[in-house]
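A.B. asks: Here is the input, now give the coordinates:
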Amino acid sequence: MAENSYDIVTVGGGLGGCALAKVMAEAGARVLVVERETQFRDRVRGEYIEQWGVAEARKLGIYEMLRATGHEIPSIDNYIGGMLVGRRDCIATTAHNAPTLGIYHPALQALLIDAAAKAGAEVRRGATVSKVTPGARPSVVVEQAGRSEQISARIVVGVDGRSSAVRKWGGFEVKREIDRLYIAGLLFDEMPAPQETSIAAFNPFIGQVAFLFPQGGKRVRAYVVYQADAPWRLQGDGEVSRFIDEAIRTGAPAKFYAGAKAIGPLASFITADHWVDHPYRNGVALIGDAAASSDPSWGQGLSLTMRDVRVMRDCLLADRNWDAACHAYAEGHDFHYGAIHTVENWWREMWLDRGAEADARRNRALPLVARDPSRMPDHIFGGPDLPADESVRRRFFGED
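C.D. replies: The predicted structure follows:
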C-alpha cells in the first residue's frame, strides 16, 4: 500500500469540502479532496442560501462565482392559511442587507470542485475513503480504480453528509431530535411563479408549509413540509400530482403550478436535526451536515456549512497549532449551530406543531407579532449572531 501526506484531507467534495479546500489551498496548504461521484446529480439537496449565508460566502470570497451560476432573489412573499400577508424586501430589511440565492445543487458542486482544483488542491473523483484512523497524525485509506493508498494529514475533515462515515470512524456521539416532519422536494421547469421573490406558504391549521424558490429562467425548486404521521408519502413520479395538491392545500397559489413541468426526482426526507457536540477530536474535524444536519424546513443547511468553513479557515490561519485551532473551530460551531437549532425549534412550535397547546400558543403570540413583527426572531434570515436567549423566546411566544 502506497503512502502519501497532506496538510488537509477532505472526505467529500461538495460545498463544504471544496470551499475549505479552495480557501486553504490559496493560503498555501497542501489539500486533497476525495469525492466518490464522477458526475453530480439531482438528489433534492439544499439549493437556497439565506441572507446570512450570502454574507458568509462573501467573507470566503466565493459569492461572485456562486452568483454567476445562481439566481439572486431580493424578496420573499409570505402566506398564512392561503392569504398573502406581505412581501419582505430582504435587501432592505435583513441584518446583512443581502438577497437570498437560489442555485441548482449539482451546478453548485461542480462549480466549487473546479474552483478547488484551480486554487491548487488535488481533487480525486470516483474515489472513496474506506477507513479513517484518528491520531496526532490522522490517516485515511483511499480506494480508487482497484488500488488502495494510505494517506496521512495534519487534519482529516469529514464533509460526507448527514450519514457521515467519518463521524463514525472518528468516534463522535450523535444526538438527534425525534421524527416529526417530512420535507419533499421537486424541481419544476416552465413554472409561472415569480422569479424575483420566494414564496413561503404557512398553514398551521394542518401543520404544513410550502415553499417556492426560483432559480431563474422559469425554473423553480418547490418543497412541501408535512407531518410524519401523514397517511401518504410524497415520493416518486406517481406522487407528483399529490405533491402539487398538497402545496395548494397548504396555501401556495394554484396559478403558480399551472402548466409547470416536473423535471427532477420527487423525494421526501425526515427533517429531524442530528448533530454532534464539539465536532473535533484527535485530528478529525466535521463540517456541514456531518457535524450538524439542521431541519431543512428552514433552509439553513448551506449557510451553516459556509459558516463552518469560514470559522475553520479563520482558526487555522490564526494558529499554527492546528489541534488548538480545530478545538476553537468546534467551540465556534457549537455556538452558531446551537443558536440556529434553538430558533428553528421555536419556529416549528409556532408554525407546524398541532394540538390544543400549539393552538393556544399561536392565539396568544400571533396577534402580538402582527402588531409588532420585531417580536419574531429573525435568525432564519439574519443568522446565529442575533440574540437567542430566554427573553427572546418569551417575547416571540407572547409570554413577556
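A.B. asks: Quick one: low-confidence residue ranges for the stretch 1-150 of the chain.
C.D. replies: Along the stretch 1-150 of the chain, segments meeting pLDDT under 70 span 1-3.
A.B. asks: I'd like the next helix or strand past the longest helix anywhere in the chain.
C.D. replies: With secondary structure taken from DSSP state H, the chain has its longest helix at helix 322-351. Following helix 322-351 in sequence order, the next helix or strand is helix 356-371 (DSSP states H and E).
A.B. asks: my guess is Glu143 meets Thr128, correct?
C.D. replies: Yes - when contacts are counted by CB atoms under 8 Å, Glu143 is listed as touching Thr128 (5.1 Å). Every C-beta, even on glycine, is put in place using the N, C-alpha and C of the backbone.
A.B. asks: now the strands for the stretch 201-350 of the chain?
C.D. replies: According to DSSP state E, counting those that start in this stretch, the stretch 201-350 of the chain carries its strands in the segments 208-216, 219-227, 261-262, 267-270, 274-275, 280-281, 284-286, 292-293.
A.B. asks: Show me how far the third one is from its chain's centre.
C.D. replies: The one in question is strand 261-262. Its chain's average C-alpha position is 24 Å from that of strand 261-262, according to CA atoms, centre = their mean, to the nearest Å.
A.B. asks: again, but for the last one
C.D. replies: From the chain centre to the centre of strand 292-293 is a distance of 8 Å (CA atoms, centre = their mean).
A.B. asks: That one pairs with which strands, and in what direction?
C.D. replies: Sheet neighbours of strand 292-293, with direction, are listed as strand 274-275 (antiparallel) (DSSP bridges).
A.B. asks: Enumerate every residue touching the closest residue to Arg395 other than its chain neighbours.
C.D. replies: Among residues not flanking Arg395 along the chain, Arg375 sits closest, at 5.3 Å (CB to CB, 6 or more residues apart in numbering). Residues in contact with Arg375 (CB atoms under 8 Å, 6 or more residues apart in numbering) are Ala365, Leu368, Val369, Arg395, Phe396, Gly398.
A.B. asks: between these, which is closest to Pro138?
C.D. replies: Nearest to Pro138 among these: Phe396, at 42.6 Å, using CB to CB.
A.B. asks: Please report how far that closest one lies from Gly12.
C.D. replies: According to CB to CB, to the nearest Å, Phe396 stands 36 Å off from Gly12.
A.B. asks: who has more neighbours, those two?
C.D. replies: Using other CB atoms under 10 Å, the more surrounded residue of Phe396 and Gly12 is Gly12, with 27 against 21.
A.B. asks: Correct me if wrong: the more buried one contacts Val34.
C.D. replies: Yes - here Gly12 reaches Val34: they are 7.4 Å apart, a contact under CB under 8 Å.
A.B. asks: buried set for the longest strand anywhere in the chain?
C.D. replies: Identified as the longest strand of the chain according to DSSP state E is strand 147-158. For strand 147-158, the neighbour count (16 or more other CB atoms under 10 Å) marks Ile151, Ser152, Ala153, Arg154, Ile155, Val156, Val157, Gly158 as buried.
A.B. asks: will you turn the contacts of Arg375 into TSV that also has pLDDT?
C.D. replies: Formatted as TSV, the contacts of Arg375 follow (pLDDT from 0 to 100):
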residue	pLDDT
Ala365	97
Leu368	97
Val369	95
Arg395	98
Phe396	98
Gly398	97
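A.B. asks: Let's have these in TSV, adding distance to Asp89.
C.D. replies: Shown next, in TSV, are those (distance: CB to CB, whole Å):
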residue	distance to Asp89
Ala365	24
Leu368	23
Val369	19
Arg395	24
Phe396	22
Gly398	26
